[in-house]
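Novice: what follows is a predicted protein model with its sequence.
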Amino acid sequence: MMASIRKTYAALRPDTLVMLWLGIWWCANLLEAGFTELANDEAYYHLFAERLAWGYFDHPPVTALLVWLGERLFGGELGVRFFFTLLQPLYLWVLWRLVRPAGAQRRDATLYVMICAATLMLQLYGFIAVPDGPLLFSAALFLWSFRNFAERRRGAWIWMGAAMALMAYSKYHGALVVLFALAANPRLLRRPGLYASGAVAALLLIPHLVWQYEHDWASFVYHLSSRNATFRVNYVTEFLANMLVVFNPFFVPLYVQAWRKTRVASRGALWRTLKLLPVAFIGFFLLSSLRGYVQPQWVIVAAFGLIALLFDYARRHPRTRRYVMRAGAVTLALMALVRLVMIFNPLGIRFEVFDNRESYGAIAAEAGGRPVVFRHGYAVAAKYIFYTGGEAYCQPNIRYRTHQWQFRDDDDRFTGREVLVECPTPTEADTTGRIRTLRMANGRSFSWFVDPAFHPVRRVSIAIDGLPGRVSAGDTLHLALRVENPYPYAVEVGDSVQLSMLWKHGRFRVEEFVLPQRLTLQAAGATACDVRFVVPQQLAGERFDVGFALRREGYTNWYNGKALPVEVAAAR
């Protein structure tokens, strides 16, 4: 029987061989998807899928749709991830067809699959439910249609427009793929079909743009400004270190050599694009690391260019090919061990894909059917719901970030009920007996107090009049506030609920000033009040987003209403 299998295998053509090995890889991903617990972000996207929409706070809708479809077929982790496992063999097959040499041999097929499988980032993003899988799939379709468009094939501009829209619906980084493709092929800017293709993409994106308009362009504001932070050297060094690891450190010198030695000027628009993608993506996000933390998977589309160039170079250099096959085999052996650890965790590692059922089950046992209001773990709250089926909400936190929870009404449904509210773990013994702390199986602590009658104030709106765009330290601001209370109950401001003024700079600096105002916000009513505030010296020399919030001890808060930009000069 083994002889028959070997004979059949030896007779396979290159394309069939690629399909076979991608199929085997898919089966491995399917097992991993079903037996590995969810990462934090996956639970967050599962939350998206509970309510399908044309957009979400920090992501476009394709990820949520794929999760929703998978959960119609399967339960648990496999349902969340199923369609993401299907995308990887599809986009790697498309890439193979794009870079496949005219006289491809079986050894070319095995080389291609080995390079792909030994690319560490693709190993992880082949089964987890995150937007990078849909981005890679849609980017592969774009490259296919872009090649056809450059070669003036009939109707290619329509398919290219559809692929651009699909990239945008998958992840906003898809815009960079288009920009870099055109940067590599500027002559295509003269083609009228390019602009017709853009019109197709814009037409298909109308539902998403309408959603953004109705939600104050939340996603664009978040990605373009709210993620910014002050410069930190470790952001840059960590990004560079990640780049050495995620594409396989065994291959990094070969990537550089292949990029240097491969000439693409006469090989068409596709190869010019593939050569530019790695340096463009890595360069772009290296610059981005100067103003904030850059996650390594943001450059994942660069993998297409690296794989194509290394494949093209190694197949023409036997010595390099032997090294790639051997180093790739070592990488795959190591990855097999990592995959087993992710399922069984024999080393007792404490990480977000381990001990979720036990950890969140312990919180649910303490809650006893009561809702849980989490402090700032937007993904943790989603994971609590996934693994326990309990009710939860996550408060937007001015000292961290806001998120999709702000568009949900879960906290409204808890009104008047007894809830558990997550709070910071006391640094000293709690003498009031109000705060309790639980040590979870994942090594983390969960501290909480009980609010016997929860009444949210998150949706109270505070509009500001009279705030100038530029002030100086020492200035006295006289502001008129209009406060609207949408809730069917009155809110008393002054004791347990306080009015505070928030000055936020970047992601991490927040200055909060509690004000002495006392007022009653009538149910479903509006109230006006005047505020006097002296700009302190500690704010000088920075630009802030300034707004007001209702503050309650033990709870986190965000702006109640829109923040306004204010630049603070030094004292006159």
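Specialist: Perfect, I can see it now.

Novice: which parts of the stretch 301-450 of the chain are helices?
Specialist: Counting by DSSP state H, counting those that start in this stretch, the segments of the stretch 301-450 of the chain that form helices are 302-314, 318-344, 356-367, 378-388, 410-413.

Novice: nearest to residue 33, out of these?
Specialist: Proximity to residue 33, assessed across those by C-beta to C-beta, is greatest for helix 318-344 (10.5 Å). Placement of C-beta: from N, CA and C, glycine included.

Novice: related to what we said a few turns ago, mean neighbour count added to the helices of the stretch 301-450 of the chain, as JSON lines?
Specialist: Putting the helices of the stretch 301-450 of the chain into JSON lines (neighbours: other C-beta atoms under 10 Å) gives the following:
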{"stretch": "helix 302-314", "mean neighbour count": "25"}
{"stretch": "helix 318-344", "mean neighbour count": "15"}
{"stretch": "helix 356-367", "mean neighbour count": "18"}
{"stretch": "helix 378-388", "mean neighbour count": "24"}
{"stretch": "helix 410-413", "mean neighbour count": "16"}
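
Novice: wait, which of the ones you listed is closest to residue 400?
Specialist: When those are compared (using C-beta to C-beta), the closest one is helix 378-388, at 8.6 Å.

Novice: who touches the closest one?
Specialist: Here helix 378-388 makes contact (C-beta atoms under 8 Å, 6 or more residues apart in numbering) with 38, 40-41, 43-44, 46-47, 356-357, 360-361, 363-364, 372, 374, 390-394, 401, 403-405.

Novice: among those residues, which are in strands?
Specialist: 372, 374, 392-394 (DSSP state E).

Novice: returning to that earlier point: only whichever of the contacts of helix 378-388 are buried, select them in ChimeraX.
Specialist: The buried subset of those, as determined by 16 or more other C-beta atoms under 10 Å, is captured in ChimeraX by this line:
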select :38,41,43,44,46,47,356,360,361,363,364,372,374,390,391,392,393,394,401,403,404,405
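
Novice: quick check: what element follows the helix or strand of the chain with the lowest mean pLDDT along the chain?
Specialist: Here the helix or strand of the chain ranked lowest by mean pLDDT, DSSP states H and E is helix 2-10, holding a mean of 81. Where DSSP states H and E defines the elements, the next helix or strand beyond helix 2-10 is helix 14-35.

Novice: what angle do that following helix and helix 318-344 make?
Specialist: 20 degrees (axes from the mean of the first three to the mean of the last three C-alpha atoms, to 10 degrees).

Novice: and helix 14-35, how far from the chain's centre?
Specialist: 26 Å (C-alpha atoms, centre = their mean, to the nearest Å).

Novice: and it, what does it pack onto?
Specialist: Helices and strands touching helix 14-35, by 3 or more C-beta pairs under 8 Å, 6 or more residues apart in numbering; DSSP states H and E, are helix 76-99, helix 106-117, helix 318-344.

Novice: helix 2-10 and the second one, what's the angle between them?
Specialist: Orientation of helix 106-117 against helix 2-10 (the same axes, to 10 degrees) gives an angle of 90 degrees.

Novice: residues contacting helix 106-117, please?
Specialist: 12-15, 17-18, 21-22, 25, 92, 95-96, 99-101, 122-123, 251, 307, 310-311, 314-315, 321, 324-325, 328-329, 331-332.

Novice: what does stretch 502-518 give?
Specialist: Counting by C-beta under 8 Å, 6+ apart, 226-230, 292, 398-399, 401, 493-494, 498-501, 529, 531, 533, 536, 538-539, 542-549, 551, 557, 559, 563, 566 sit against stretch 502-518.

Novice: which among those residues end up buried?
Specialist: Counted by 16+ other C-beta under 10 Å, the contacts of stretch 502-518 give 226-227, 292, 398, 401, 493, 498-501, 529, 531, 533, 539, 542, 544-549, 551, 557, 559, 563, 566 as buried.

Novice: which of those residues fall in strands?
Specialist: 493, 498-501, 529, 531, 533, 542, 544-549, 551, 566.

Novice: I'd like the helices and strands packed on helix 14-35 laid out as CSV, including mean pLDDT and distance to residue 135.
Specialist: Shown next, in CSV, are those (pLDDT from 0 to 100; distance: least, C-beta to C-beta, whole Å):
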stretch, mean pLDDT, distance to residue 135
helix 76-99, 98, 9
helix 106-117, 97, 16
helix 318-344, 96, 22
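
Novice: need those in TSV with distance to residue 159, can you?
Specialist: Output for the helices and strands packed on helix 14-35, formatted as TSV (distance: least, C-beta to C-beta, whole Å):
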stretch	distance to residue 159
helix 76-99	13
helix 106-117	24
helix 318-344	33
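
Novice: just for the stretch 151-300 of the chain, where's the confidence low?
Specialist: 226-229 (pLDDT under 70).

Novice: if you set the cut-off to 80 instead, what comes out?
Specialist: Filtered on pLDDT under 80, the stretch 151-300 of the chain yields the residue ranges 224-231.

Novice: now the helices for the stretch 51-200 of the chain?
Specialist: Counting by DSSP H, counting those that start in this stretch, the helices of the stretch 51-200 of the chain are 62-73, 76-99, 106-117, 120-124, 132-150, 156-170, 174-184, 192-204.
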